[in-house]
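Q: Sequence and predicted model, in that order:
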2 protein chains.
Amino acid sequence: MIVEADPTAHAPVSERIYLALRQEIMRCEIVPGTTLDAASIASTYEVSKTPVRDAMQRLAADGLVTILPRSGYRVAPITFQAVHDILDMRAAIGPHAARQAARYATPAEIALLRQIVREYAAPMDIGTMQQVARRFHLAIARCSRNKRVVALSETLFDELERLLRFAIDFTVKAGEHSDEHTALVDAIAAGDGERAAAIEFAHIKHSREFLIERLMTLGYLSASEIQLGGTTRSPAE
Amino acid sequence: MIVEADPTAHAPVSERIYLALRQEIMRCEIVPGTTLDAASIASTYEVSKTPVRDAMQRLAADGLVTILPRSGYRVAPITFQAVHDILDMRAAIGPHAARQAARYATPAEIALLRQIVREYAAPMDIGTMQQVARRFHLAIARCSRNKRVVALSETLFDELERLLRFAIDFTVKAGEHSDEHTALVDAIAAGDGERAAAIEFAHIKHSREFLIERLMTLGYLSASEIQLGGTTRSPAE
DNA sequence: ATTTTGCAACTGATGCATCACATAGAGAAA
DNA sequence: TTTCTCTATGTGATGCATCAGTTGCAAAAT
């Protein structure tokens, strides 16, 4: 029997479609609010509609697309409500993760955190800084010993990255958050959960205000409930 | 083919299957750790395997079933890790929701909360008390003005209810938490977010300790990572 | 006569069913 | 114990029915 060494043998096709679509949506290569065509996606990736359907179910569970029954799949538009919800959810999860990390973190994990913090010293663009920040906060989440917190943090960071890509061109120079992060790791290392939670809360509050202000100055957010990338906004092509 | 006047005609079949399976899993009518047979489920509900697959994808996204590729669907076993994660997640979300509720709650919403608290006065079994508590905390979550918090709280309550059904026979007499709830509503009404968050945190901590102790005394949880309803435990038939 | 409104038919896509295949896991045999 | 086979089950492909959105025509009102 001929068994070829297929690297994708253990990965279902639906997984491939899911990851591909997820990446496209995350990077805003698909304009928020666009209605997707399952058949064309299937033909593009040279698969049938079935794995596309599975991928859509998963994307809908992630909140990245909304399924309109018998009508179509629509990538989630960026609304003021969504921005508020994501940042507010981070404000709930982040401090709690920091607090738990102060309880459970091992010396090895603390060392990892310090190593990530040191990476902030090097100059970098905001894109890689976002990646470093992601790794930093996810490392803290892992210290919380709660898999759900880790998973939720991952999706929140993904969606936050999507917001940033949509709203901000990556030429903005990176701010200096290294001090905040050092203080946070110190609090975790000292086992001071309340201080760690407070620092994380303030950190998220700062980034929240930064992002909101940035969005408003760019004109993407006006008074209250302006919908971004929805039907009221045509693709800027 | 005879097409009868189906009242659920406008609801997708996969939705029906999803809700049915979800309810069965929640009520522990399906023993945790059981491997599901998609074909038999399809024949039971007189549908094909396709909507069953969609339902499985959604249930997997909810964390209620784990998909073993090319092998089977397994309803999530109840592990110590799962219990910890759910209760810890509640400890993260609940106080935050209470804090935000103190900021945003309208007089009408506070009146609703007080009405729900009054329902605690009547004697009730632990099952209906759980339902009242669910409505109470979800009402607070809705005051937070964060749809994600509401959705997450719903799933957490669902899974918590599943744990309770699994571990506790419902003859346990209801505790008296009415005073705690009254104090919580008062704090929200007064706009004291920190006090509301502290009360909610303590409340969740109490219920967490109660549930953990209950599980351990019943022998479901031993030292640390005993898996409930998994492969190590055969269905009690 | 023109415009507007309402209905009906058409088109296109989604969702479900059926079929085909590959794989994992169990069981038997060596 | 190891390996091979067989069965059962998930996974992907395809065809078809159903439904939503649209367009065009007709009729009525101005």
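A: Thanks, I have the structure now.
Q: does the residue nearest to the spatial centre of chain A count as helix, strand or coil?
A: By C-alpha atoms, centre = their mean, chain A has its centre lying nearest to A:D158, at 1.5 Å. Put simply, A:D158 is helix when judged by DSSP: H, G, I helix; E, B strand; the rest coil.
Q: Which residue comes closest to it once chain neighbours are left out?
A: A:M26 (5.9 Å; C-beta to C-beta, 6 or more residues apart in numbering or on different chains). Where you see a C-beta, it was placed from the backbone N, CA and C, and this is true even at glycine.
Q: What is the burial count for that neighbour?
A: By other C-beta atoms under 10 Å in any protein chain shown, 15 other residues sit near A:M26.
Q: repeat for A:I30
A: Neighbour count for A:I30, taken as other C-beta under 10 Å: 18.
Q: Quick check: it is in a strand.
A: No. Counting by three-state DSSP, A:I30 is not part of a strand but coil.
Q: Got the domain ranges for chain A?
A: The record's domain split for chain A, according to automatic domain parsing, is A:13-76, A:79-217.
Q: which stretch among those comes nearest DNA strand C?
A: domain A:13-76 (3.7 Å; C-beta to the nearest atom of the strand).
Q: That closest one and DNA strand D, any residue contact?
A: Yes. Contact of domain A:13-76 with DNA strand D (C-beta under 7 Å from any atom of the strand) involves A:13-14, A:47-51, A:54, A:68-71.
Q: Any chance of a markdown table for these, columns secondary structure, distance to A:K147 and neighbour count?
A: Shown next, in a markdown table, are those (DSSP: H, G, I helix; E, B strand; the rest coil; distance: C-beta to C-beta, whole Å; neighbours: other C-beta atoms under 10 Å in any protein chain shown):
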| residue | secondary structure | distance to A:K147 | neighbour count |
| --- | --- | --- | --- |
| A:V13 | helix | 27 | 17 |
| A:S14 | helix | 23 | 20 |
| A:V47 | coil | 31 | 16 |
| A:S48 | coil | 33 | 12 |
| A:K49 | helix | 33 | 13 |
| A:T50 | helix | 29 | 15 |
| A:P51 | helix | 26 | 19 |
| A:D54 | helix | 23 | 20 |
| A:L68 | strand | 32 | 10 |
| A:P69 | coil | 32 | 10 |
| A:R70 | coil | 36 | 7 |
| A:S71 | coil | 35 | 8 |
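Q: if we look at chain B, which of those are close to it?
A: A:50, A:54, A:69-70 (C-beta under 8 Å from any C-beta of the partner chain).
Q: Mind jotting down where the helices sit in chain A?
A: With DSSP state H as the criterion, chain A has helices at A:13-26, A:38-44, A:49-62, A:80-104, A:107-119, A:126-143, A:147-167, A:178-190, A:193-217.
Q: Quick one: check the last one for contact with chain B.
A: No. Using C-beta under 8 Å from any C-beta, no contact is recorded between helix A:193-217 and chain B, whose separation bottoms out at 9.9 Å.
Q: angle of that helix against helix A:80-104?
A: 160 degrees (axes from the mean of the first three to the mean of the last three C-alpha atoms, to 10 degrees).
Q: buried set for helix A:193-217?
A: With burial defined by 16 or more other C-beta atoms under 10 Å in any protein chain shown, the residues of helix A:193-217 counted as buried are A:193, A:195-201, A:203-204, A:207-208, A:211, A:214-215.
Q: now swap in the shortest one and tell me
A: Applying a neighbour-count criterion of 16+ other C-beta under 10 Å, the buried positions in helix A:38-44 are A:41-42.
Q: what is the mean pLDDT for it?
A: Here helix A:38-44 scores 92 as its mean pLDDT.
Q: what does it rub up against?
A: Outside helix A:38-44, the residues within contact range by C-beta atoms under 8 Å, 6 or more residues apart in numbering or on different chains are A:17, A:21, A:48-49, A:51-53, A:56, A:73.
Q: What about DNA strand C: which of those residues touch it?
A: A:49, A:53, A:56, A:73.
Q: if we can go back for a sec, export the ones next to chain B among the residues of domain A:13-76 next to DNA strand D to CSV and append columns for distance to DNA strand C and pLDDT.
A: CSV is the format used below for those (distance: C-beta to the nearest atom of the strand, whole Å; pLDDT from 0 to 100):
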residue, distance to DNA strand C, pLDDT
A:T50, 6, 93
A:D54, 11, 91
A:P69, 5, 88
A:R70, 5, 87
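Q: check contacts around A:A92.
A: By C-beta under 8 Å, 6+ apart, the contact set of A:A92 is B:92-93, B:96-97, B:149.
Q: switch to 10 Å and redo it
A: A:A92 is in contact with A:152, A:156, A:201, A:204, B:89, B:92-97, B:99-100, B:144, B:146, B:148-149, B:152, counting by C-beta atoms under 10 Å, 6 or more residues apart in numbering or on different chains.
Q: Excluding chain neighbours, give the residue nearest to it in space.
A: Closest residue to A:A92 apart from its sequence neighbours, by C-beta to C-beta, 6+ apart: B:H96 at 3.5 Å.
Q: That neighbour: neighbour count?
A: The burial count for B:H96: 26, using other C-beta under 10 Å.
Q: Quick check: A:A11 touching A:P51?
A: No. Using C-beta atoms under 10 Å, A:A11 makes no contact with A:P51, being 11.3 Å away.
Q: before we move on, the earlier item: which pLDDT value goes with the residue nearest to A:A92?
A: We have a pLDDT of 94 for B:H96.
Q: do A:L156 as well
A: 90.
Q: near DNA strand C, which residues of chain A show up?
A: Residues of chain A lying near DNA strand C (C-beta under 7 Å from any atom of the strand): A:6, A:9-10, A:36-40, A:49-50, A:53, A:56, A:67, A:69-73.
Q: Make sure A:G94 is actually in contact with A:H203.
A: Yes. Contact criterion C-beta under 10 Å: A:G94 and A:H203 qualify, at 7.5 Å.
Q: hang on, the earlier thing: go through the domains of chain A and name the closest to B:L184.
A: Comparing the domains of chain A against B:L184 with C-beta to C-beta, the closest turns out to be domain A:79-217 (17.0 Å).
Q: How much space separates the spatially closest residue to A:H203 that is not a sequence neighbour from A:V117?
A: Using C-beta to C-beta, 6+ apart and skipping residues adjacent in sequence, the residue nearest A:H203 is A:E180, 5.4 Å away. Here the criterion is C-beta to C-beta, to the nearest Å. By it, A:E180 lies 10 Å from A:V117.
Q: Which residue of the two possesses the greater neighbour count?
A: Each of A:E180 and A:V117 has its neighbours counted (other C-beta under 10 Å); A:V117 has more, 21 against 17.
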